[in-house]
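In: Using only what follows, build the 3D model:
(2 chains, ligands or ions: 2)
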2 protein chains.
Amino acid sequence: MKRGCKYGTHRVIEPKEVLPQPAVKVCNDMNIFDNEILIDVQALNIDSASFTQIEEECEGDIEKIKEKILEIVNNKGKMQNPVTGSGGMLIGRIEKIGNTLKDKTNLKIGDKIATLVSLSLTPLKIDEIIDIKPDIDRVEIKGKAVLFESGIYATLPEDMEETLALAALDVAGAPAQTRKLVKKGETVLVLGAAGKSGMLCCYEAKKKVGKNGKVIGLIRNEKSRDFLNYTGFCNEIIVADAQKPTQVLNEVLRVNEGKEVDIAINCVNVENTEMSSILPVRDEGIVYFFSMATSFTKAALGAEGVGKDVTMIIGNGYTKNHAEITLEDLRECDTLRKIFEDLYV
Amino acid sequence: MKRGCKYGTHRVIEPKEVLPQPAVKVCNDMNIFDNEILIDVQALNIDSASFTQIEEECEGDIEKIKEKILEIVNNKGKMQNPVTGSGGMLIGRIEKIGNTLKDKTNLKIGDKIATLVSLSLTPLKIDEIIDIKPDIDRVEIKGKAVLFESGIYATLPEDMEETLALAALDVAGAPAQTRKLVKKGETVLVLGAAGKSGMLCCYEAKKKVGKNGKVIGLIRNEKSRDFLNYTGFCNEIIVADAQKPTQVLNEVLRVNEGKEVDIAINCVNVENTEMSSILPVRDEGIVYFFSMATSFTKAALGAEGVGKDVTMIIGNGYTKNHAEITLEDLRECDTLRKIFEDLYV
Ligand SMILES: NC(=O)c1ccc[n+]([C@@H]2O[C@H](COP(=O)([O-])OP(=O)(O)OC[C@H]3O[C@@H](n4cnc5c(N)ncnc54)[C@H](OP(=O)(O)O)[C@@H]3O)[C@@H](O)[C@H]2O)c1
Ligand SMILES: NC(=O)c1ccc[n+]([C@@H]2O[C@H](COP(=O)([O-])OP(=O)(O)OC[C@H]3O[C@@H](n4cnc5c(N)ncnc54)[C@H](OP(=O)(O)O)[C@@H]3O)[C@@H](O)[C@H]2O)c1
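Out: Residues are numbered from 1 along each chain as shown, chains lettered A, B, ... in the order given. Ligands and ions are numbered 1, 2, ... in the order given. Here you go, the predicted model:
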């Protein structure tokens, strides 16, 4: 009987005494400990920033992308992009439940789940990559993974296609946090409003601000305007490059009577967008960075540099009930569900 | 008459359309624009993470450190460490005030000020490095710098040595934010409690939590225990390596009746301390990262990985009245002032 650490430190190979996420290498031996769960993996949903980086590095060549993914997993024992540091999530079926967990969980062998902890810390072994779907950052594989005792997951719902649920769960932290942060009557700016997490945030923000509030959706080019307009989730839509802070600031002021917003939510998937999120926010407002391409120092020094007294929040992938909140959004809003089915399934 | 952008974008050389902080290179021509201020610089106070990195790279050799600093400033037009991304602050005397600012400011030619915006965005030209004081991360120079219209600064107080004020102002964001975040009766963990910002945070936290609250100071080794004990700013002192999250967690639980804390404040100056700040905090608690060595992805994915619903805040170098709050601390607490005079002057 071997019992591992609840956070999985017993699997860390290098460097010693860190947790699995910052570790360079974890053990992906698939003989599980008594407080682990073994998953028969069907698909990986690679984090958008990570997939974009790999795709660019491999010049879009599917075979090269496959090789790159195998190389990463073989080297690190987990699918953590060495450049972006980020991971993603997976779905699969429960193959084995460690003895000490059997009584603590409702899971049964064969249940289909999505892990809600990042791939960047999940021990993974890939036997074969079956297919890659670059338009949805999805990698279908034959392989196994390990869930630690502290690992969170969602049993996949019966009333939804698994790919639909998976696509939404991948970004579940964003709408759930939006629900918590946004108050009635506020003005909210969502950067990357037509993206996956962006849309969910616009939807939640619109519900929360109510009639007297305002949701401003920022998109990169005119092409997305009709689409975002059709959702009805935004009161105003602006077109600007999130890497150009002064352009973003001017557009926001233009549609908001010259006023700064209360909250900015950054859902883009490219670097150097910190200042575009900070400049349009009023003093004592909030900037919520969901984008994994956010740089800590650029945000901290950037706000100081322009003398902005804003509270900047690091987008925690997990917040209480985030899976339930996000699946609920898809159930209650047909438009949202239809878009997600069209784009991500 | 030439008027620049209030945020200084007119000085950005590369890449185009970004702000001065993320820019790779800014123009350090010392002919100022009408809404700029020219400073005759006397000293740079290099950010601790940056100085530590340069010191290590140069193996502690003062001449090599000088060369490295000149190389950075010549290449980038500003003193921004290319590895850490961070800067620091400077002191100097007002040499010239742009025409359009003359009526808007109380500053006079010859006033001695400290800039409160980061060196990582401040156009700087060094004529000569006069001296380097590695124990206080201070570089004495002959040179000039430019303050933009949005740039914040503090006129150096009459009742304090300038080095004393400067040392405190460098980390002014931390105690000011602590004052805002900490509530009566809470339990607060400060990592790096015997460091410059750490001490100020302990002091502020102790004032705010009151009799029923608790401040736990984390230090790296026993050596600092007597010193921190003497300040009286902490209710409990624990010794642990902030790069070892499970060690930190266990120590915190040991001195806190097995309970997690409400707020953790990270004031260390080394990498890989995200999880040590996250693990000891209760669900719905706050983690405040002042350390510039914080990685956004390690924090975001790390919290998700252990299923922790904590609000993680990026330490904004600026918050309202941060200079006043910090100088006030030094004035009202003799112990603090004495320590700062001993250590940093
Ligand atoms: N914090 C967490 O726990 C967590 C978890 C999952 C994901 N994430 C991160 O969240 C971010 C968004 O994920 P997602 O799945 O929503 O991605 P997504 O669907 O690809 O959306 C990204 C959006 O950003 C837009 N965009 C890109 N560059 C832009 C620019 N320069 N200006 C304006 N808009 C721009 C894109 O517009 P176009 O379509 O026109 O290119 C797209 O709409 C990613 O960085 C991802 O890593 C974070
Ligand atoms: N967010 C902002 O705007 C802003 C502004 C200024 C500075 N900063 C950052 O704030 C941080 C602290 O600055 P500071 O001036 O207070 O630095 P400091 O005086 O050097 O203090 C750092 C403290 O961390 C401790 N420490 C280092 N490694 C440790 C470990 N492994 N375990 C436990 N403790 C450890 C040090 O202990 P020892 O003395 O025993 O080594 C020291 O007491 C730096 O990262 C700096 O870049 C941020």
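In: ranges for the helices of the stretch 51-200 of chain A?
Out: Secondary structure of the stretch 51-200 of chain A (DSSP state H, counting those that start in this stretch): helices at A:62-76, A:162-169, A:173-181, A:196-209.
In: Helix, strand or coil: sort out A:Arg282 for me.
Out: On the three-state scheme (DSSP: H, G, I helix; E, B strand; the rest coil), A:Arg282 is labelled strand.
In: For it, give me its contacts.
Out: A:Arg282 makes contact with A:Lys259, A:Glu260, A:Val261, A:Asp262, A:Val310 under the criterion Cβ atoms under 8 Å, 6 or more residues apart in numbering or on different chains. Heads up, the C-betas are built off the backbone N, CA and C, glycines and all.
In: Measure how buried the first one is and give me the count.
Out: Right, the one you point to is A:Lys259. A:Lys259: 12 surrounding residues under other Cβ atoms under 10 Å in any protein chain shown.
In: Make sure it is indeed in a helix.
Out: No - checked against three-state DSSP, A:Lys259 lies outside a helix; its state is coil.
In: separation between it and A:Ile314?
Out: Here the criterion is Cβ to Cβ, to the nearest Å. By it, A:Lys259 lies 26 Å from A:Ile314.
In: coming back round to it: would you mind telling me which of the helices of the stretch 51-200 of chain A is nearest ligand 2?
Out: Among the helices of the stretch 51-200 of chain A, the nearest to ligand 2 by Cβ to the nearest ligand atom is helix A:173-181 (21.5 Å).
In: So which elements touch the closest one?
Out: helix A:196-209, strand A:261-266, strand A:281-289, helix A:322-332 (3 or more Cβ pairs under 8 Å, 6 or more residues apart in numbering or on different chains; DSSP states H and E).
In: and the angle from the shortest one to helix A:173-181?
Out: Translated: strand A:261-266. Using axes from the mean of the first three to the mean of the last three Cα atoms, to 10 degrees, the inter-axis angle of strand A:261-266 relative to helix A:173-181 is 160 degrees.
In: Tell me the helix or strand right after strand A:261-266.
Out: Going down the chain from strand A:261-266, the next helix or strand is helix A:274-278, by DSSP states H and E.
In: picking that back up, how about the helices and strands packed on helix A:173-181, which one is nearest A:Phe33?
Out: Among these, helix A:322-332 comes nearest to A:Phe33, with 25.2 Å by Cβ to Cβ.
In: Could you list every helix and strand that that closest one packs against?
Out: Applying 3+ Cβ pairs under 8 Å, 6+ apart, we find helix A:322-332 packed against helix A:162-169, helix A:173-181, helix A:196-209, helix A:334-344.
In: One more pass at 10 Å, please.
Out: strand A:153-155, helix A:162-169, helix A:173-181, helix A:196-209, helix A:334-344 (3 or more Cβ pairs under 10 Å, 6 or more residues apart in numbering or on different chains; DSSP states H and E).
In: Give me the distance between the very next helix or strand once past the fourth one and the centre of its chain.
Out: In the C-terminal direction, the helix or strand that comes right after helix A:196-209 (DSSP H and E) is strand A:214-219. The gap between the average C-alpha position of strand A:214-219 and the chain average comes to 20 Å, counting by Cα atoms, centre = their mean, to the nearest Å.
In: can I get the helices and strands packed on helix A:173-181 in a markdown table with mean pLDDT and distance to B:Ala168?
Out: Formatted as a markdown table, those follow (pLDDT from 0 to 100; distance: least, Cβ to Cβ, whole Å):
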| stretch | mean pLDDT | distance to B:Ala168 |
| --- | --- | --- |
| helix A:196-209 | 98 | 39 |
| strand A:261-266 | 98 | 31 |
| strand A:281-289 | 97 | 23 |
| helix A:322-332 | 94 | 40 |
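In: Can you lay out those as a markdown table showing distance to ligand 1?
Out: Output for the helices and strands packed on helix A:173-181, formatted as a markdown table (distance: least, Cβ to the nearest ligand atom, whole Å):
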| stretch | distance to ligand 1 |
| --- | --- |
| helix A:196-209 | 3 |
| strand A:261-266 | 8 |
| strand A:281-289 | 8 |
| helix A:322-332 | 10 |
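In: closest one to A:Val252 among these?
Out: With respect to A:Val252, and counting by Cβ to Cβ, the nearest of those is strand A:261-266 at 6.4 Å.
In: And chain B, is that closest one touching that?
Out: No - for strand A:261-266, no contact with chain B is found by Cβ under 10 Å from any Cβ of the partner chain; the gap never falls below 11.2 Å.
In: next one: stretch A:124-133
Out: No - using Cβ under 10 Å from any Cβ, stretch A:124-133 stays clear of chain B, coming no nearer than 13.8 Å.
In: Which residues belonging to that stretch are considered buried?
Out: Buried residues in stretch A:124-133, defined by neighbour count with 16 or more other Cβ atoms under 10 Å in any protein chain shown: A:Leu124, A:Lys125, A:Ile126, A:Ile129, A:Ile132.
In: can you check stretch A:33-44 too?
Out: Across stretch A:33-44, burial judged by 16+ other Cβ under 10 Å covers A:Phe33, A:Asn35, A:Glu36, A:Ile37, A:Leu38, A:Ile39, A:Asp40, A:Val41, A:Gln42, A:Ala43, A:Leu44.
In: residues touching A:Ile54, list them.
Out: A:Ile54 is in contact with A:Ile46, A:Lys64, A:Ile65, A:Lys68, A:Ile69, A:Ile72, A:Asn81, A:Val83, A:Thr84, A:Pro134, A:Asp137, counting by Cβ atoms under 10 Å, 6 or more residues apart in numbering or on different chains.
In: Same check on A:Ala242?
Out: A:191-192, A:218-220, A:248, A:266-277, A:291.
In: and the helices and strands packed on helix A:173-181 as CSV, adding distance to A:Asp170?
Out: Formatted as CSV, the helices and strands packed on helix A:173-181 follow (distance: least, Cβ to Cβ, whole Å):
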stretch, distance to A:Asp170
helix A:196-209, 7
strand A:261-266, 17
strand A:281-289, 17
helix A:322-332, 9
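In: Sweet, I'm off.
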